[in-house]
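Engineer: coordinates only, sequence not included:
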């Protein structure tokens, strides 16, 4: 099924085709252009023809001869006949113009189609595309999807070369309806098209795959923050809090004279200390709290090992070591955000 963008906003068109270069082409209308304040229609058409693979533009006139003349005038601006489709509202004069243009090798989209009878006449006139306006039909209470399905069935039954274009797309459900109806092409506004690849569960699954890949490929040392909050056993609680505050961490590693980790002081330790002792605990030395060898991991280990160790020991931080010295703290949030 061909996929067209429905727009007249230059920056949106450039960005859209840059993001989705596999789109078939662009449909646009004078109404779209007026809405975006475009006054130089010819100049805009030429610019658009250089951006998109296939351009569908209006060719208007009161008579078939005027419509054909308008199509040829636009082609003379420098448009490629093989890459341009001229959109003509359905009418007797429009279908006559369609027949005349198709015989000369032009491509024609008969649009503003609201009935199967109009669609049939357009197919018979040799239209390259027939374009029912689904959203507008539904606005008027019509069964637009039934019309689209009937048009597709007519093309397939009678063997017309016409492609049925699903247009006036308002929702992502319309795109599903188009696929299920078996249309040959669809034209979609960018605000709808940009939602077609989105799904909450897809994002969850992708994030999980990315996170698991990182756990198995990234070393602890590469995920480590630059801050290395350390204190000595003789440091007071107040001094520990200053170090933790300056480094914006919830813990500080207690190190010996060689820089080896001999303990860890955390926010949790402070809360427990205040609960047990009460009053001012700021001058208590850390060594009075009964230091225990901290849970640590070598900087060369994978994040996968660090993640498992955090879960197994039920801690929030690991002391990271390298050559026997503490070089930082790995917080559980560091694993998630890396």
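Structural biologist: Great, that's in hand. These numbers come from a predicted model, not from an experiment.
Engineer: And the average pLDDT for the longest helix seen in the chain is what?
Structural biologist: Longest helix in the chain, counting residues (DSSP state H): helix 200-217. The average of the pLDDT scores along helix 200-217 is 87.
Engineer: Just the buried positions in that helix, please.
Structural biologist: Within helix 200-217, the residues that qualify as buried are 214-215, counting by 16 or more other Cβ atoms under 10 Å. In this view, the C-beta of every residue, glycine as well, is placed from N, C-alpha and C.
Engineer: Could you point out the helix or strand that follows that helix?
Structural biologist: With elements assigned by DSSP states H and E, the helix or strand that comes after helix 200-217 is helix 220-223.
Engineer: who does that following helix touch, helix- and strand-wise?
Structural biologist: Judged by 3 or more Cβ pairs under 8 Å, 6 or more residues apart in numbering; DSSP states H and E, the packing partners of helix 220-223 are helix 303-313, strand 317-322, strand 325-331.
Engineer: one more time with 10 Å
Structural biologist: helix 200-217, strand 296-298, helix 303-313, strand 317-322, strand 325-331, helix 332-337 (3 or more Cβ pairs under 10 Å, 6 or more residues apart in numbering; DSSP states H and E).
Engineer: residue ranges with poor pLDDT in the stretch 151-300 of the chain?
Structural biologist: Residues of the stretch 151-300 of the chain meeting the criterion pLDDT under 70: none.
Engineer: Start from the N-terminal end of it and give the strands.
Structural biologist: For the stretch 151-300 of the chain, the strands defined by DSSP state E, counting those that start in this stretch cover 163-166, 185-188, 230-231, 251-255, 261-266, 296-298.
Engineer: so where do the helices sit in the stretch 1-150 of the chain?
Structural biologist: Taking DSSP state H, counting those that start in this stretch as the criterion, the stretch 1-150 of the chain carries its helices at 10-19, 30-35, 41-49, 64-75, 92-103, 116-124, 134-139, 144-158.
Engineer: do you know which of those lies nearest residue 334?
Structural biologist: helix 10-19 (32.5 Å; Cβ to Cβ).
Engineer: Now do that closest one against helix 41-49, angle only.
Structural biologist: Here helix 10-19 points in a direction 10 degrees away from that of helix 41-49 (axes from the mean of the first three to the mean of the last three Cα atoms, to 10 degrees).
Engineer: Would you mind listing the buried residues in helix 10-19?
Structural biologist: 13, 16-17.
Engineer: try stretch 153-165
Structural biologist: Buried residues in stretch 153-165, counting neighbours by 16+ other Cβ under 10 Å, are found at 154-155, 160, 162-165.
Engineer: just to revisit the earlier point, for residue 243, find the nearest of the helices of the stretch 1-150 of the chain.
Structural biologist: helix 10-19 (47.6 Å).
Engineer: How is the protein divided into domains?
Structural biologist: Per the TED database, the structural domains of the chain span 2-198, 202-335.
Engineer: Identify, out of the ones you listed, the most deeply packed stretch.
Structural biologist: For the domains of the chain, the largest average neighbour count (mean count of other Cβ atoms under 10 Å) is found in domain 2-198, namely a mean of 18.
Engineer: now the end-to-end length of that domain.
Structural biologist: End-to-end distance of domain 2-198 (Cα to Cα, to the nearest Å): 20 Å.
Engineer: going forward can the numbers begin at 24, since that is how I track them
Structural biologist: Happy to do that; since the first residue is 24 now, the last one works out to domain 25-221.
Engineer: Distance from that domain to the middle of the chain?
Structural biologist: Remark: domain 25-221 is offset 25 Å from the chain centroid, using Cα atoms, centre = their mean, to the nearest Å.
Engineer: any idea how far residue 71 lies from residue 135?
Structural biologist: Applying Cβ to Cβ, to the nearest Å, the value for residue 71 to residue 135 is 21 Å.
Engineer: wait, residue 264
Structural biologist: Using Cβ to Cβ, we find residue 264 at a distance of 74 Å from residue 135.
Engineer: measure the residue nearest to residue 306 when sequence neighbours are not counted to residue 315 for me?
Structural biologist: Nearest residue to residue 306, sequence neighbours excluded (Cβ to Cβ, 6 or more residues apart in numbering): residue 259, at 5.4 Å. To residue 315, residue 259 is 19 Å away according to Cβ to Cβ.
Engineer: One more: residue 203?
Structural biologist: Applying Cβ to Cβ, the value for residue 203 to residue 315 is 65 Å.
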